[in-house]
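Participant: My questions concern the predicted model and sequence given below.
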Amino acid sequence: MKIIDVVLSEGTTGFYFDDQKAIKQGVGHDGFFYTGEPVTPGFTQLRQKGETISIMLILEDGQVAIGECAAVQYSGAGGRDPLFLAADFIPVIHEKIVPKLIGLELTSFKELAEKFDNLENDGKRFHTAIRYGVTQALLNAVAKSQHRTMAEVVVDEYKTGVDLKRIPIFTQSGDNRYDNVDKMIIKGSDVLPHGLINNVEEKLGKQGEILRDYVIWLRERITDYKQTEDYSPVLHIDVYGTIGIAFDNDFKRIAEYIAELGELAKPYHLRIEGPVDVGEREEQIKALAEIVQNLEDLGSDVEIVADEWCNTLKDVIDFTDGNAGHMIQVKTPDLGGVNNTIEALLYCRDQEKGAYSGGTCNETNRSAEILTNIAMACGATQCLAKPGMGVDEGYMIVNNEMNRVLALAGRNKK
């Protein structure tokens, strides 16, 4: 089966690009807008619409394989590639990549993905969002050529040894961290609420008191309103380095505070993502490893999740090897080609680290569906419900794709 044509279209994502650096510095709010001046290069506003490019591969039998370019909400932060604007990159894809796709024989996804992920333009690899979208489309194309699910292709080509099954879905609340939790409880979300704790004064508290109260509220809310007696979700809260800011990067005090949160969360298990952001990759690995060790010394079962500065496959490997977290977020758009996501998830799993198939609220329904196939094929510990921060939409997309994959793969076995 060959690719006979490529069609591109511009679109919007399920959320927005936000200037994380400016937000951490304490900008104001006016409704859904942030007020103030952007500080991250490329931003013209503190919050601006997310953009995507759909890459549609026309196969010789008339089928259309689709992948979508996406970049994270906090583009340009934490060592990531810059803002991804469709108008800037459609001409690049047309000129540099489309000619290499037309006429391509769909053989091994792994080989094709590695080839396109490593393509260079003026001595540099293409933007992570481009590599993300192109390799998604290639996975979809290979699966269509074989009349199988994308998950089955990944299981076979990467020899993952996984029996396809549902994996825990992690829902994120955005700033509506109370009402959205109620939605999560009703839906039976496996992991919640993310929380978006990205400001010390408004969301964490100068001594951590706001988050402390929020954890207590979460515990009581779940207990009071859970739909079944055995419902026991994991509490996973992303703090975007704000604990480090509040406690002056004193890793012993940070661990003591996190251990206290873990006790308040019981009987629910707690994970804290991104407790510190020390502004540099190697120091981030050391900092998270020290916090992990301090928690273990305290006898705490709270898990630390690595995120910031863990952007590439090599980063995932180095954070894992450096014990920089109990769980590693594989932030899927940051890794470029989805082949890297596959390798990263499998590496975490093989090293007995939590393998979190993450991503961003700023993706699309298409990228979410494809990455759900990959998360299932790799036996990920959990999979992010995406895109958006509204809970219902992201949960629906990921949940329904899981069920479709299982139904179709089950049929294919007969």
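Facilitator: Right, received. Where do you want to start?
Participant: and Lys124, what are its bridge partners?
Facilitator: When bridges are called by DSSP bridges, Lys124 pairs up with Asn121.
Participant: Check what pLDDT it gets.
Facilitator: For Lys124, the pLDDT comes out at 92.
Participant: Excluding chain neighbours, what is closest to the residue positioned nearest the centre of the chain?
Facilitator: The residue lying closest to the centre of the chain (Cα atoms, centre = their mean) is Gly359, at 1.7 Å. Leaving aside its sequence neighbours, Gly359 sits nearest to Thr332 (Cβ to Cβ, 6 or more residues apart in numbering; 4.3 Å). Quick note: C-beta positions are derived from backbone N, CA and C, even for glycine.
Participant: returning to what we had before: how far away is the residue nearest to the centre of the chain from Met184?
Facilitator: Gly359 sits 18 Å away from Met184, going by Cβ to Cβ, to the nearest Å.
Participant: Check Ala71 too.
Facilitator: Ala71 is 26 Å from Met184, by Cβ to Cβ.
Participant: picking that back up, so the residue nearest to the centre of the chain sits right up against Asp307, yeah?
Facilitator: No: judged on Cβ atoms under 8 Å, Gly359 makes no contact with Asp307 at a distance of 11.3 Å.
Participant: which residues are in contact with both of those two?
Facilitator: Contact criterion Cβ atoms under 8 Å, 6 or more residues apart in numbering; residues shared by Gly359 and Asp307: Lys331.
Participant: Just list the residues touching Ile342, thanks.
Facilitator: Counting by Cβ under 8 Å, 6+ apart, Ile342 has contacts 154, 158, 374, 377-378.
Participant: among those residues, which two are most distant?
Facilitator: Tyr158 and Ile374 (9.7 Å; Cβ to Cβ).
Participant: who has more neighbours, those two?
Facilitator: Ile374 (26 against 19; other Cβ atoms under 10 Å).
Participant: Who are the contact partners of that one?
Facilitator: Counting by Cβ under 8 Å, 6+ apart, Ile374 has contacts 139, 150-151, 154, 338, 341-342, 345, 357.
Participant: Quickly note the distance from it to Gln73.
Facilitator: Note on Ile374: its distance to Gln73, by Cβ to Cβ, is 20 Å.
Participant: now swap in Gln48 and tell me
Facilitator: 11 Å.
Participant: what sits in contact with each of those two?
Facilitator: Taking Cβ under 8 Å, 6+ apart as the contact rule, Gln48 and Gln73 both touch 16-17.
Participant: per-domain residue ranges of the protein.
Facilitator: With domains defined by automatic domain parsing, the chain comprises 3-158, 169-413.
Participant: Report how many residues lie close to Ile93.
Facilitator: The burial count for Ile93: 21, using other Cβ under 10 Å.
Participant: got the contact list for it?
Facilitator: By Cβ under 8 Å, 6+ apart, Ile93 lies in contact with 8, 53, 55, 130, 134.
Participant: In a strand, it, correct?
Facilitator: No: per DSSP: H, G, I helix; E, B strand; the rest coil, Ile93 lies outside any strand segment and is helix.
Participant: just how off-centre is stretch 113-121 within its chain?
Facilitator: Relative to the chain's own centre, stretch 113-121 is displaced by 22 Å; criterion: Cα atoms, centre = their mean, to the nearest Å.
Participant: Output the below-cut-off pLDDT ranges for the chain.
Facilitator: 78-79 (pLDDT under 70).
Participant: Contacts only, for His269.
Facilitator: His269 neighbours (Cβ under 8 Å, 6+ apart): 234-235, 301, 303.
Participant: what about Glu10, which helix or strand?
Facilitator: strand 3-18 (DSSP states H and E).
Participant: Work out the gap between the helix or strand just after that strand and the centre of the chain.
Facilitator: Moving toward the C-terminus from strand 3-18, the next helix or strand (DSSP H and E) is helix 20-24. Centroid displacement of helix 20-24 relative to its chain, using Cα atoms, centre = their mean, is 19 Å.
Participant: So what touches helix 20-24?
Facilitator: Residues from elsewhere that reach helix 20-24 (Cβ under 8 Å, 6+ apart): 34, 36-40, 43, 46, 73-74, 77-78, 198-199, 240-242, 245.
Participant: Compare Ala71 and Met184 (neighbour count), which wins?
Facilitator: The residue with more neighbours, out of Ala71 and Met184 and counting by other Cβ under 10 Å, is Ala71; that gives 29 against 26.
Participant: sorry, back to before: contacting residues around the residue nearest to the centre of the chain?
Facilitator: Residues in contact with Gly359 (Cβ under 8 Å, 6+ apart) are 70, 72, 331-333, 367-368, 371, 384, 386.
Participant: before we move on, the earlier item: can you report how many residues neighbour the residue nearest to Gly359?
Facilitator: 30.
Participant: And it, how close does it get to Lys266?
Facilitator: 31 Å.
Participant: Please look at Ala259 and Ser300 and confirm they touch.
Facilitator: Yes: here Ala259 reaches Ser300: they are 3.8 Å apart, a contact under Cβ under 8 Å.
Participant: now the helices for the stretch 51-200 of the chain?
Facilitator: Per DSSP state H, counting those that start in this stretch, the stretch 51-200 of the chain carries helices over the ranges 86-92, 98-101, 109-117, 128-146, 150-158, 179-187.
Participant: Next SSE downstream of the helix or strand hosting Asn373?
Facilitator: Using DSSP H and E, Asn373 maps to helix 365-377. Counting by DSSP H and E, the element after helix 365-377 in chain order, helix or strand, is strand 382-384.
Participant: Who is Phe17 paired with across the strands?
Facilitator: Under the criterion DSSP bridges, Phe17 forms beta bridges with Gln48.
Participant: ok, for Pro38, nearest residue in space, not its chain neighbours?
Facilitator: Distances taken as Cβ to Cβ, 6+ apart place Asp19 nearest to Pro38, at 4.6 Å, with adjacent residues excluded.
Participant: Please consider this matter closed, and thank you.
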